[in-house]
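In: With the sequence up front, the predicted model follows.
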Amino acid sequence: MTVSFRMIRLLPTRDAGAAKDSWFILCKRAANDTDIQPNYTKKGHSLIRLVVLHHTILQHSPPGGDVTLDRTAILRLLQRPPAQSPSCTKRRIIHFKRRNDYLRFLQEWSELRVLPGDEHAPRHLPLIEAFSLSLCDEQLDAPTREDILMEEDPLLAVDGTALKQTGREKGIPWGVQEIKAPHAWSTTTGHRIKIGVIDTGVDFSHPDLKHSLARGINLLNRAALPHDDNGHGTHIAGTIAAANQLRGMIGVAPRSTVYPVKAFDHNGSAFVSDIIMGIDWCVRSRMNIINMSFGMKTRSKSLLHAVTNAFNAGIIIVASSGNDGKRKSVDYPAKYPQTISVGATNRLRRIAPFSNRGIHIDIYAPGEKILSSWLRGKYHEMSGTSMATSHVSGAIALLLAYQPGLAPAEIKAIMKRSMLPLRGTKAPRLTGELDVMRMIAAADR
C-alpha cells in the first residue's frame, strides 16, 4: 500500500486566543483515502475541525521519489521572495481546471504576506483566473497534478526595424495622407474614443502629444506614470493621435485619447503575463480600442484567453503581424481571429519587403519609413508592422466616433469590404490597404 502525506489546516478554538492563526497537522493516509491519522498536533490548541485543503496536497513518494507541484507547493512559491538564481528566472502561468479550485487558492493566497519584488515576483492574473511565477529548473521538472495546468510565460518584443532621427516634423505625415484620414476630419476626428496602447509608455512632455494623452498605467512600477524609456510607444502614440497642427505633426485621429499602458521595459521586452495584465487594465478601464504593436512566434492559451475576454467585452484589438517578410506567417496575438491583424505597405502601395503576409492578414497600412514623435520632443523614422498597426487603430477611432456602438466583428467586416486593392502582380486579392473614406462610406451602407 502506498503511503503519502497531506497538509491539513487545523483551526484553533476561540479559547485558544489566536483566532486568526492557521495551524497545520501532518496526516499520514493510505492510497485509498481512508484511515487519516494525525502524526502531530500543536500543543495547547484543541481541534474543532479539520479543513482539508481540497487539492492542496504536497505529496511525497517513498524516500528518493519526486515531489508533485500542487496547490500547496505553489502557495509556498508565491510566499517566498523573488528568485535570484539564474536557474530560477523561467516564468510559468498556472491555471486550475476547476474554478472552485482557483477561488479557494485565491483566498488562501490573499492570506499570505507575499513579499514585493522585481520582475520575477509572483503575479495574479484575474482576467484569466491564473497566476504567473518564476520557477527553478528542479521545480520545472516536478510533475504537475492533473487539476493544475501550467504553460510557459515567455518574453516578447515590440515590432520595429529601421530607425533614424530626423528634424522637426511639420504637417501631415505621408502615411496619414495615404489612408485619406485628413479627408474625414470634417466629419470625425476620433473625439472621446479611448485607445489603450500596450507598449513602452509615452513621452508626456512631447509637444505634439500634450493634448492627446490620459494618465494610463505603469505595470512595471504602479506608483509612477507610464513614462517611455524606449521610444517605441511614443512613436505609436504620435501616429495615432498627435495634435499639434501649428508647429508639429498630426496623427490619424487627433482628438482621440491615448491611454499608455507600460508593459514593456527599456529594451522593448515584456512577459506574456505583463500583456495579460495590460489587457485586464484596458477591459476594466473601458477602452474602445487596444493597440498591440508587438508579437511572438509561439501560441499562448493564456494570451488567447485574455484576448477573447477583451473581444467579448466589445473592445477592438489591433495587432501587428510581424516583420519576418514571410508568406503565410503571422505573429501572435495577430494570428488570433479575435484581433485585426495588420501588414505594412510602402509609398508605392505595395507590401513592404519586411512585412509578413498571407491569408491571416486582415488589412495593410503604411508601415515603411514612418516619421512620428520620439523621446525628449524629438522625431524618429521607423519601419515595421507596428507603424502600420497604429494607422489602423487611429482609423478605427475615426470610425467609432462617427458611428458609436459598432462591435469588433462589425468593424472588421466594414474594413474588409472597404479596403483598396494593393498594387503588384503578387498582391493578395482577398485583402487590401486601409482607406478611411471608403471605410466610413461602407459604414453608412
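Out: Cool, the structure landed.
In: the strands in the stretch 301-445 of the chain, which residues?
Out: Assigned by DSSP state E, counting those that start in this stretch, the strands in the stretch 301-445 of the chain fall at 316-320, 340-345, 363-366, 370-373, 379-382, 420-421, 432-433.
In: Excluding chain neighbours, what is closest to residue 338?
Out: Excluding the flanking residues, the one nearest residue 338 by Cβ to Cβ, 6 or more residues apart in numbering is residue 311, at 3.9 Å. Using the backbone N, CA and C atoms, a C-beta is placed for each residue, glycine as well.
In: In this structure that neighbour contacts residue 317, no?
Out: Yes: judged on Cβ atoms under 8 Å, residue 311 makes contact with residue 317 at a distance of 6.5 Å.
In: neighbour-wise, which of the two wins?
Out: Higher neighbour count among residue 311 and residue 317: residue 317, with 27 against 19, using other Cβ atoms under 10 Å.
In: and residue 403, what are its phi and psi?
Out: Main-chain torsions, residue 403, degrees, to the nearest 10: phi -140, psi 80.
In: Spit out the contact partners of it.
Out: Contact analysis of residue 403 by Cβ atoms under 8 Å, 6 or more residues apart in numbering lists residue 443.
In: Look up how far residue 361 lies from it.
Out: Per Cβ to Cβ, to the nearest Å, residue 403 is found 24 Å from residue 361.
In: mind listing the helices for the stretch 101-250 of the chain?
Out: 137-140, 174-178, 181-184, 232-241 (DSSP state H, counting those that start in this stretch).
In: Looking at those, spot the one closest to residue 122.
Out: helix 137-140 (13.2 Å; Cβ to Cβ).
In: Tell me the predicted confidence for residue 7.
Out: With respect to pLDDT, residue 7 has a value of 38.
In: I should have written residue 202 there, sorry.
Out: According to the prediction, residue 202 has pLDDT 98.
In: swap in the one 3 residues further on?
Out: On pLDDT, residue 205 comes in at 96.
In: just to revisit the earlier point, what sits in contact with each of residue 311 and residue 317?
Out: Common neighbours of residue 311 and residue 317, counting by Cβ under 8 Å, 6+ apart, are 338-339, 408.
In: I'd like to know how far residue 214 sits from residue 188.
Out: According to Cβ to Cβ, residue 214 stands 20 Å off from residue 188.
In: and those two? which has more neighbours close in?
Out: Between residue 214 and residue 188, counting by other Cβ under 10 Å, residue 188 is the more crowded of the two (21 against 13).
In: which ones are touching that one?
Out: Contacts of residue 188 (Cβ under 8 Å, 6+ apart): 398-399, 401-402, 440.
In: now with 6 Å?
Out: For residue 188, the contact set (Cβ atoms under 6 Å, 6 or more residues apart in numbering) comprises 398, 401-402.
In: how close does it sit to residue 403?
Out: Plainly put, residue 188 is 9 Å away from residue 403 if you go by Cβ to Cβ.
In: Then residue 391?
Out: 19 Å.
In: same thing with residue 373?
Out: Distance, residue 373 to residue 403, using Cβ to Cβ: 28 Å.
In: do residue 217 as well
Out: For residue 217, the distance to residue 403 equals 29 Å [Cβ to Cβ].
In: Identify the residue spatially nearest to the spatially most central residue of the chain, adjacent ones excluded.
Out: Compute the mean C-alpha point of the chain, and by Cα atoms, centre = their mean the closest residue is residue 275, 1.9 Å away. Nearest non-adjacent residue to residue 275, counting by Cβ to Cβ, 6+ apart: residue 263, 5.7 Å away.
In: Counting neighbours, what do you get for that neighbour?
Out: So residue 263, with other Cβ under 10 Å, has 32 neighbours.
In: Equivalent analysis for the one 5 residues further on, please.
Out: Around residue 268 sit 19 other residues, with neighbours defined as other Cβ under 10 Å.
In: these two touch, right, it and residue 158?
Out: Yes: at 4.3 Å, residue 268 counts as touching residue 158 under the criterion of Cβ atoms under 6 Å.
In: Need the residues touching each of the two.
Out: Common neighbours of residue 268 and residue 158 (criterion: Cβ under 6 Å, 6+ apart): residue 232.
In: surely residue 269 meets residue 157?
Out: Yes: counting by Cβ under 6 Å, residue 269 touches residue 157, with 5.5 Å between them.
In: With neighbour numbers in mind, choose between the two.
Out: Ranked by neighbour count (other Cβ under 10 Å), residue 269 and residue 157 place residue 269 first, with 17 against 14.
In: so what's the backbone phi/psi at the more buried one?
Out: As for residue 269, its main-chain torsions (degrees, to the nearest 10) stand at phi -120, psi 150.
In: Which pLDDT value goes with it?
Out: Note on residue 269: pLDDT of 94.
In: Please name the residues that touch it.
Out: Contacts of residue 269 (Cβ under 6 Å, 6+ apart): 155, 157.
In: repeat that for 8 Å
Out: Applying Cβ under 8 Å, 6+ apart, we find residue 269 in contact with 155-157.
In: ok, back up a step: which of the helices of the stretch 101-250 of the chain sits most buried?
Out: Greatest average neighbour count among those goes to helix 232-241 (a mean of 32), per mean count of other Cβ atoms under 10 Å.
In: in the stretch 251-400 of the chain, what spans have low per-residue confidence?
Out: Scanning the stretch 251-400 of the chain for pLDDT under 70 picks out no residues.
In: Identify the residue nearest residue 224 in space, chain neighbours excluded?
Out: Residue 224 sits nearest to residue 218 (Cβ to Cβ, 6+ apart), 5.0 Å away.
In: And the helices in the stretch 251-400 of the chain?
Out: For the stretch 251-400 of the chain, applying DSSP H, counting those that start in this stretch gives helices covering 272-284, 301-312, 385-402.
In: Packed most tightly, which of those would that be?
Out: helix 385-402 (a mean of 30).
In: quick one on the thing from earlier: distance of the residue nearest to the centre of the chain from residue 306?
Out: 7 Å.
In: give me every residue that touches the nearest residue to residue 99 once chain neighbours are set aside.
Out: Excluding the flanking residues, the one nearest residue 99 by Cβ to Cβ, 6+ apart is residue 129, at 6.8 Å. Contacts for residue 129 (Cβ under 8 Å, 6+ apart) come out as 95-96, 99, 102.
In: For these, pick the one with the most neighbours.
Out: Highest neighbour count within the contacts of residue 129, by other Cβ under 10 Å: residue 96, with 22 neighbours.
In: That one and residue 109 touch, don't they?
Out: No: look at residue 96 against residue 109 with Cβ under 8 Å: they stay out of range, at 11.8 Å.
In: low-confidence ranges in the stretch 51-200 of the chain?
Out: Along the stretch 51-200 of the chain, the model assigns pLDDT under 70 to residues 51-89, 112-121, 137-146, 160-164, 166-170.
In: circling back to that earlier point, among the contacts of residue 188, which one sits closest to residue 197?
Out: Nearest to residue 197 among those is residue 398, at 16.4 Å by Cβ to Cβ.
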